[in-house]
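1. sequence below, structure please.
(chains A and B)
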Amino acid sequence: MSNSPRDRIFARLHAVSEQISEYAPQTVCMPIETLSQKEKIEKLKNLMEAVRSEVHIVDRSTWTKQLKTILMARDVKNLLFAPETPIGDRLVNERREAPDDWPELIAYREDIEQFKERLFQIDAGITSTIGGIAETGALILWPTRKEPRLMSLVPPIHIAVLEANKIHNTFCEVIQKENWPGNMPTNVVLISGPSKTADIELTLAFGVHGPKELIVLILKD
Amino acid sequence: MVDHHRFDFEENVSRALSDKQLRNNFKFAMGNFILKRQSIFSDEIETEQLRALGHAIKLHALSKLPELLEKLEKKCIQNGIQVHWAETTADANQYVLDIMKTHNATSLVKGKSMVSEEMHLNHFLKQHGIEALETDLGEFIIQLNGETPSHIIVPAVHKNKDQISKIFHEKIPNTPYTEDVEELNAIARKILRQKFYEARVGLSGVNVAVAETGTLCLVENEGNGRMCTTLPSVHIAVMGLEKVVEKLEEVPPLLRLLTGSATGQLITTYVNMITSPRKAGEKDGPMEVHLIILDNGRSKIYIDPQFRQTLQCIRCGTCLNHCPVYTRIGGHAYGFVYPGPIGKILNPQTEGLNKAGILATASSLCNACEEVCPVKIPITEILRRIRNESYSNDSTSVLDDHGCKRNVPECFAWKGWEMMNTSPTVNSFSRKMLGIIGSKLPNVGPLKYWTRTRTKPKFAVKSLHELVSKLGVDNE
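-> Residues are numbered from 1 along each chain as shown, chains lettered A, B, ... in the order given. Next up is the predicted model:
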């Protein structure tokens, strides 16, 4: 027998597992309740609002107007965005046309090592989502090279854009339909609301370490 | 012999029972958790389906555990995650220390991890001049006060708001006294943000590890877990080897069971799925991810088919919330990292009966834990088995110190009991003797102990058997 902890652990486990016959569960996903798009939007909105997310259903062509109002109401001085993405390009264009209507736009271009100091001073960040989950009320964030992970975590306000036609019935459904096992990225995050805790006498408090506010813009055609 | 020196459970229990504040805090919190769980699992049929599924997934994973662990290791390595195997907590601690040293890091930010508690990692690192900072709010509070978690999900549940206000005021320099939860929260946020900003190494636990993709899944509400696993340039994840499942599609039902059982949530604020360190061109995330897989007695538990079911546990803590004993004595009285029903079956198996066997006696076998367990661990059956093994002289037993409570007078007494109930002559004679002297037995020895909280039995002069045959009823 080898002397490494790994070999010793496996020797013990294998000695036992050889005597166990494999136990195969019959179904893995729970039966999926199939909802219409309208119902899915409604369910996701209700569940996410119940955990203090702010959800707006907006028109695809005019959503930036709504965004402007949201930013102004909160007196957001600067907004972190992902350059060279559909959302980023649109924001840059809109601000070019009407610079006074918009806060300063900050592009996440450098590596975190150089960008960290700046990142921790930003008021709000806007990201895309690759979809939503109606069953539990959650957004699916799939960070990329252009849209890094910390955008949805460090700024105190997180604004997420969700396409209405990308809301799935269940988490299980999206894993199977989109073949997640075949292409898992560095990181996937499901987000259902702003950061919260109930560690002090079970009293809910929001904005512990992550964003204090989560604002969801659901884009409809 | 049973070792009473290191750990006096009975003393702990009576101290906890007489602490009114502690009992109020637990009563309030546990009652609340029971209601929250009910609100999520209100549909009985669906809940039973889900529990059956959770049970099946874990049973499946355990039936091919080494194969899945090998697959997990292979996938992780392919993805760029470095895998370390720790046979003992000492091994695991050493891996963490070595990684810290390689990066010349003197402080560590930690997300909530029960395995790191099992390792007593903070204490170990402190001895080597490294500060380990808990960042989960509950863990942060108790670390300030030099305590350990009293609950595996809500570690500071034994403290109420006033007590926490005092801790903040006394332990954090220049902090004015406040009982406002929002303000307390803001104080912690400010301190910990700075720590996240500075940290070079972050540590987390793992809720589920997926073999087919090499993905580590973490659930949390605060965002500190994401901070610890995204900001520092090194992420160390620690997990018990039983946390692996085969497929990604097994994750949703398990997480649904975990969050519903633990905190009565449909889903946590964040479900964080990590599959690799930062790839070329990515702008953030750790450059290195290390996965430390801990055995610490688990492979021994794995041997016995009945005990093996302990390894199905997903650490939701709902058995604690529903336990009438835990609710009255709280987590610290148990004296081990894992308290409550799961601790009563886990600690005796990993620590041996000498040290931890007494925990199994702290149950009325009411079965509440088993009824709510999301993966259907037969907790009470295992409790009874552990109790029996404390007296067993079966040399094939896998439990350390089995038979540690076995003693000559008790064996003798049970032998007598056996004869009394198998030999008609002895039975008749001893029954008659009991009728005469049974009620006059002096209150000493075991009888004194027994009658401390019970009424002394009174023996009838004539047995039911005699009375009935006197009435002329046939024997058979």
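
2. tell me the residue of chain A that sits nearest chain B?
-> residue A:210 (2.5 Å; C-beta to the nearest C-beta). In this view, the C-beta of every residue, glycine as well, is placed from N, C-alpha and C.

3. any idea how many residues pack against the nearest residue to that residue once chain neighbours are set aside?
-> Nearest non-adjacent residue to residue A:210, counting by C-beta to C-beta, 6 or more residues apart in numbering or on different chains: residue B:223, 2.5 Å away. Using other C-beta atoms under 10 Å in any protein chain shown, residue B:223 has 29 other residues around it.

4. before we move on, the earlier item: mind listing what the residue of chain A closest to chain B touches?
-> A:153, A:158, A:194, A:195, B:222, B:223, B:226, B:227, B:269, B:270 (C-beta atoms under 8 Å, 6 or more residues apart in numbering or on different chains).

5. now do the strands in chain B.
-> Applying DSSP state E to chain B gives strands spanning B:81-86, B:107-110, B:131-134, B:201-204, B:208-210, B:215-220, B:234-240, B:244-245, B:270-274, B:288-294.

6. so does the third one get close to chain A?
-> No. Remark: strand B:131-134 sits outside contact range of chain A, by C-beta under 8 Å from any C-beta of the partner chain, the gap being at least 11.2 Å.

7. and that strand, which strands flank it?
-> Here strand B:131-134 is paired, per DSSP bridges, with strand B:107-110 (parallel).

8. now swap in the first one and tell me
-> Partners of strand B:81-86 in the sheet, by DSSP bridges, are strand B:288-294 (parallel).

9. okay, now the domains of chain B?
-> B:41-299, B:408-470 (automatic domain parsing).

10. just say which of those is most tucked in.
-> Across those, averaging neighbours per residue (mean count of other C-beta atoms under 10 Å in any protein chain shown) puts domain B:41-299 on top, at a mean of 21.

11. returning to what we had before: which pLDDT value goes with the residue of chain A closest to chain B?
-> Residue A:210 is assigned 96 on the pLDDT scale.

12. so what's residue B:218 bridging to?
-> Under the criterion used here (DSSP bridges), residue B:218 is bridged to residue B:272.

13. test my guess that it contacts residue B:225.
-> Yes. Counting by C-beta atoms under 8 Å, residue B:218 touches residue B:225, with 5.2 Å between them.

14. find residues that contact each of these two.
-> By C-beta under 8 Å, 6+ apart, the residues touching both residue B:218 and residue B:225 are B:111, B:204, B:270, B:272.

15. and those, which two are the farthest apart?
-> B:204 and B:270 (11.9 Å; C-beta to C-beta).

16. pLDDT of stretch A:95-112, averaged?
-> Mean predicted confidence for stretch A:95-112 is 96.

17. next, the buried residues of it.
-> A:95, A:102, A:103, A:105, A:106, A:108, A:112 (16 or more other C-beta atoms under 10 Å in any protein chain shown).

18. now residue A:9: which helix or strand?
-> Assigned by DSSP states H and E, residue A:9 belongs to helix A:5-17.

19. quick one, what contacts the residue at minimal distance from the centre of chain A?
-> Most central in chain A under C-alpha atoms, centre = their mean is residue A:141, positioned 3.5 Å from the mean C-alpha point. Going by C-beta under 8 Å, 6+ apart, residue A:141 touches A:127, A:129, A:130, A:152, A:160, A:188, A:189, A:190, A:191.

20. now it. Nearest residue, chain neighbours left out?
-> In space, residue A:141 is closest to residue A:189, 4.6 Å off (C-beta to C-beta, 6+ apart).

21. need the three-state assignment for the one you found.
-> strand (DSSP: H, G, I helix; E, B strand; the rest coil).

22. so it sits right up against residue B:271, yeah?
-> Yes. The pair residue A:189 / residue B:271 is scored as a contact, 6.8 Å apart, by C-beta under 8 Å.

23. may I have the beta-bridge partners of the residue nearest to residue A:141?
-> According to DSSP bridges, beta-bridge pairing links residue A:189 with residue A:141, residue B:272.

24. which residues does it contact?
-> A:140, A:141, A:143, A:149, A:152, B:226, B:270, B:271, B:272, B:273 are the contacts of residue A:189 under C-beta under 8 Å, 6+ apart.

25. tell me which residues touch the residue lying closest to residue B:30 once chain neighbours are set aside, please.
-> Once flanking residues are discounted, residue B:30 sits nearest to residue B:327: 4.5 Å by C-beta to C-beta, 6+ apart. Counting by C-beta under 8 Å, 6+ apart, residue B:327 makes contact with B:26, B:27, B:30, B:321.

26. ok, the most centrally placed residue in chain B to chain A distance?
-> In chain B, the residue lying closest to the centroid (C-alpha atoms, centre = their mean) is residue B:338, at 3.2 Å. Per C-beta to the nearest C-beta, to the nearest Å, residue B:338 is found 19 Å from chain A.

27. what about the residue lying closest to that residue once chain neighbours are set aside, how many residues nearby?
-> What sits nearest to residue B:338 in space, not counting adjacent residues and going by C-beta to C-beta, 6+ apart, is residue B:346, at 5.2 Å. Residue B:346 has 26 neighbours, counted by other C-beta under 10 Å.

28. OK, contacts around residue B:346?
-> So residue B:346 contacts B:310, B:313, B:338 (C-beta under 8 Å, 6+ apart).

29. all helices of the stretch 1-150 of chain B, in order?
-> B:9-17, B:20-40, B:44-63, B:65-79, B:89-102, B:114-118, B:121-127, B:137-144 (DSSP state H, counting those that start in this stretch).

30. okay, the third one in PDB with CA atoms only?
-> Output for helix B:44-63, consisting of C-alpha atoms alone and laid out as PDB, is shown next (Å, rounded to 0.1, in the frame of the first residue of the first chain):
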ATOM      1  CA  GLU B  44     -46.900  17.200   1.900                       C
ATOM      2  CA  ILE B  45     -46.900  15.000  -1.200                       C
ATOM      3  CA  GLU B  46     -44.400  17.100  -3.000                       C
ATOM      4  CA  THR B  47     -42.200  17.300   0.100                       C
ATOM      5  CA  GLU B  48     -42.200  13.500   0.400                       C
ATOM      6  CA  GLN B  49     -41.300  13.200  -3.300                       C
ATOM      7  CA  LEU B  50     -38.500  15.600  -2.900                       C
ATOM      8  CA  ARG B  51     -37.200  13.900   0.300                       C
ATOM      9  CA  ALA B  52     -37.300  10.500  -1.500                       C
ATOM     10  CA  LEU B  53     -35.400  12.100  -4.300                       C
ATOM     11  CA  GLY B  54     -32.800  13.600  -2.000                       C
ATOM     12  CA  HIS B  55     -32.400  10.300  -0.300                       C
ATOM     13  CA  ALA B  56     -32.000   8.500  -3.600                       C
ATOM     14  CA  ILE B  57     -29.400  10.900  -4.900                       C
ATOM     15  CA  LYS B  58     -27.200  10.600  -1.800                       C
ATOM     16  CA  LEU B  59     -27.700   6.800  -1.700                       C
ATOM     17  CA  HIS B  60     -26.600   6.600  -5.300                       C
ATOM     18  CA  ALA B  61     -23.600   8.800  -4.700                       C
ATOM     19  CA  LEU B  62     -22.500   6.700  -1.700                       C
ATOM     20  CA  SER B  63     -23.000   3.500  -3.600                       C
END
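
31. pLDDT below threshold where in chain A?
-> For chain A, the stretches with pLDDT under 70 are A:1-2, A:25-27.
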